[in-house]
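> Have a look; sequence and predicted model below, questions after that.
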Amino acid sequence: MNSSKQKASSFSSYQKFVIAVLAFLQFTVILDFMIMSPLGATMMPALNMTTAQFGLAVSVYAFSAGIAGLLAAGFADKFDRKKLLLFFYCGFVLGTLFCGLANTFHFLLFARLVTGLFGGVVGSIVFAITTDLFEFQLRGRVMGFIQTAFAASQILGIPIGLYISNLWGWHASFLMIVGVSVIVGCAIFKFLKPINEHLKIHSDKSAFGHLQKTISNRRYLQAFATTALLSIGGFMLMPFGSAFTVNNLGIHIEKLPLIYLVTGICAIFMGPIIGRASDKFGKYKTFVFGTTVSVIMVVIYTNLGETPIEIVMLVNALMFVGIFSRMIPSQALMSAIPSADSRGSFMSISSSLQQISGGFASVVAGLIVVQGIDGKLQHFDTIGYVMVGTALITVFLMYFIHKAVPETKN
């Protein structure tokens, strides 16, 4: 067993460093993905892009990340995880630098492709490291802290990025991410210890053989199916959330940042609390609670008409509490499924499925939703019902995973 593991209920100083650096790393990767959408208004005229071209520039990241996850799966357990993390993170930083230097649509498309190929694998390595270094009983809290990177990128990264963009142009936003990423990369290089215990038990000789062994494991296939379904439900509301808020709920576009700010602050505070609750009361119980809250709030949200902003903020905040209460315990449970010698491969394939499923969900949502003459989105409630259906199915799928992973597992 790795000497870095700690069975006590508290974290060592080194474990706290690992959590902090992984959270900051996730912050940079998520921010790089999320900042493209709000920068679209300035990037499209600057590079003479059509809406279709901009949509391609956004989606190419997800699909290249999904492909990269599959390609990297066979090699994910053959190297020290620290070295693997640094390799892919350096590639991500290079791709982001290319984005900051892009002066044509085709150069930007290439830059997003490179960023996705490397950035899409980083998340899977982060979760493999988390599984290697932290006992199962602590992973809920660890996942809770790491997932706050999503909220932090929303309430800190995007506003700062837009402010810098207004001052020095959209290129500066990507260069800002590069600067922060270099600092994080240096901290990983200097202070993170080698993570190579899995190499002592890894037995597959070829990368293809290792990949084949991973995808043919029946226990893993069930987890992969659950991951895909979780991602499909989670991504369906995202593409049209801001348009629905403005056109259907009657919220002025200038007040959107306030809604994101309140939602993000709520998510930052709730992430660690939900993580602690999943460790204390049980990960599956927390997941069921999160699903119940999500189902109720999604139905309410997708059926709203013109609504006061205070109610919209409350509904959004409660909906994200439900989403986080599903995301954090499900990731903690999934982390206990793979054996030590196939964690990297398992996480890479899971990450790939998340990206591809998210892209698929966005396409399906686009086919369901129609914008009326008055600008309002029609059939948005249908997306809500589809999400409810997938959420209820995942409760049953996650039950079997829960049974295969006793809460007392080390």
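Looks like it arrived, so ask away.
> where along the stretch 1-150 of the chain do the helices fall?
Remark: helices assigned in the stretch 1-150 of the chain by DSSP state H, counting those that start in this stretch are 13-34, 36-46, 51-73, 81-101, 105-133, 139-152.
> which one of those has the most crowded surroundings?
Highest mean neighbour count of these: helix 139-152, a mean of 25 (counted as mean count of other C-beta atoms under 10 Å). For glycine as for every other residue, the C-beta is placed from the backbone atoms N, C-alpha and C.
> Check which helices and strands that one sits against.
For helix 139-152, the elements it packs on are helix 13-34, helix 105-133, helix 256-281, helix 309-335, judged by 3 or more C-beta pairs under 8 Å, 6 or more residues apart in numbering; DSSP states H and E.
> try it again with 10 Å
Packing partners of helix 139-152 (3 or more C-beta pairs under 10 Å, 6 or more residues apart in numbering; DSSP states H and E): helix 13-34, helix 105-133, helix 256-281, helix 283-302, helix 309-335.
> and of the ones you listed, who's closest to Gly234?
Set against Gly234 and scored by C-beta to C-beta, the helices and strands packed on helix 139-152 come closest in helix 309-335, at 6.7 Å.
> Let me see the contact set for Ala187.
Phe17, Ala20, Val21, Phe24, Leu25 (C-beta atoms under 10 Å, 6 or more residues apart in numbering).
> hmm, try it at 8 Å
Val21 (C-beta atoms under 8 Å, 6 or more residues apart in numbering).
> Please report how far the closest residue to Val58 other than its chain neighbours lies from Glu310.
Distances taken as C-beta to C-beta, 6 or more residues apart in numbering put Met36 closest to Val58, at 5.2 Å, once the chain neighbours are dropped. Look at Met36 and Glu310: by C-beta to C-beta, to the nearest Å, they are 30 Å apart.
> How about Val262?
10 Å.
> who has more neighbours, those two?
Val262 (19 against 9; other C-beta atoms under 10 Å).
> still on that earlier bit, want to try JSON lines for the helices of the stretch 1-150 of the chain, with distance to Phe380 and mean pLDDT as columns?
Below are the helices of the stretch 1-150 of the chain laid out as JSON lines (distance: least, C-beta to C-beta, whole Å; pLDDT from 0 to 100):
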{"stretch": "helix 13-34", "distance to Phe380": "21", "mean pLDDT": "88"}
{"stretch": "helix 36-46", "distance to Phe380": "18", "mean pLDDT": "74"}
{"stretch": "helix 51-73", "distance to Phe380": "19", "mean pLDDT": "78"}
{"stretch": "helix 81-101", "distance to Phe380": "32", "mean pLDDT": "94"}
{"stretch": "helix 105-133", "distance to Phe380": "28", "mean pLDDT": "88"}
{"stretch": "helix 139-152", "distance to Phe380": "23", "mean pLDDT": "77"}
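> Any idea which of these gets closest to Gly241?
Going by C-beta to C-beta, the one of those nearest Gly241 is helix 36-46, 10.5 Å.
> residues in contact with stretch 332-340?
Residues contacting stretch 332-340 (C-beta under 8 Å, 6+ apart): 127, 130-132, 136, 139-140, 142-143, 197-198, 201, 214, 219-220, 223, 226-227, 275, 278-279, 283-284, 287, 345-347, 350, 398, 401-402, 404-405, 409.
> List only buried entries from those residues.
By neighbour count, with 16 or more other C-beta atoms under 10 Å, the contacts of stretch 332-340 hold 127, 130-132, 136, 139-140, 142-143, 197-198, 214, 220, 223, 226-227, 275, 278-279, 283-284, 287, 345-347, 350, 398, 401-402, 405 as buried.
> how close does Ser12 get to Leu133?
Applying C-beta to C-beta, the value for Ser12 to Leu133 is 10 Å.
> Also Leu192?
10 Å.
> what's Val321 in contact with, if anything?
Taking C-beta under 8 Å, 6+ apart, we find Val321 in contact with Cys266, Ala267, Met270, Ile274, Gly290, Val293.
> Which strands and helices lie in contact with the helix or strand containing Tyr399?
Assigned by DSSP states H and E, Tyr399 belongs to helix 380-404. For helix 380-404, the packing partners by 3+ C-beta pairs under 8 Å, 6+ apart come out as helix 218-235, helix 283-302, helix 309-335, helix 343-368.
> Can you add distance to Ser64 and mean pLDDT and give the ones you listed back as CSV?
Listed next are the helices and strands packed on helix 380-404 as CSV, based on distance: least, C-beta to C-beta, whole Å; pLDDT from 0 to 100:
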stretch, distance to Ser64, mean pLDDT
helix 218-235, 17, 82
helix 283-302, 29, 93
helix 309-335, 23, 87
helix 343-368, 9, 77
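> quick one: which of these is nearest Leu109?
helix 343-368 (15.8 Å).
> in the closest one, what counts as buried?
Buried residues in helix 343-368, counting neighbours by 16+ other C-beta under 10 Å, are found at 343-362, 365, 368.
> Any idea how far that helix is from the middle of the chain?
In terms of C-alpha atoms, centre = their mean, to the nearest Å, the centre of helix 343-368 is set 10 Å apart from its chain centre.
> Give me the angle between it and helix 105-133.
If you take axes from the mean of the first three to the mean of the last three C-alpha atoms, to 10 degrees, helix 343-368 sits at 130 degrees to helix 105-133.
> Show me what the helix or strand that helix 343-368 is followed by is packed up against.
Following helix 343-368 in sequence order, the next helix or strand is strand 370-371 (DSSP H and E). When contacts are defined as 3+ C-beta pairs under 8 Å, 6+ apart, strand 370-371 sits against strand 377-378.
> Which residue of the chain lies farthest from its centroid?
Relative to the mean C-alpha coordinate of the chain, counting by C-alpha atoms, centre = their mean, the farthest residue is Ile373 (34.4 Å).
> so what pLDDT did it get?
As predicted, Ile373 sits at a pLDDT of 82.
> residue contacts, it?
No contacts exist for Ile373 under C-beta under 8 Å, 6+ apart.
> With Asn316 instead?
Ile259, Val262, Thr263, Tyr301.
> Looking at the residues you listed, point me to the pair that's furthest apart.
Across the contacts of Asn316, the two lying at the largest distance from each other (C-beta to C-beta) are Val262 and Tyr301, at 14.7 Å.
> picking that back up, what is in contact with Leu192 and Leu133 at once?
Common contact partners of Leu192 and Leu133 (C-beta under 8 Å, 6+ apart): Val18.
> how many neighbours does Leu397 have?
By other C-beta under 10 Å, the residues close to Leu397 number 17.
> hmm, back to that, so which of the contacts of Val321 wins on neighbours?
Ile274 (27 neighbours).
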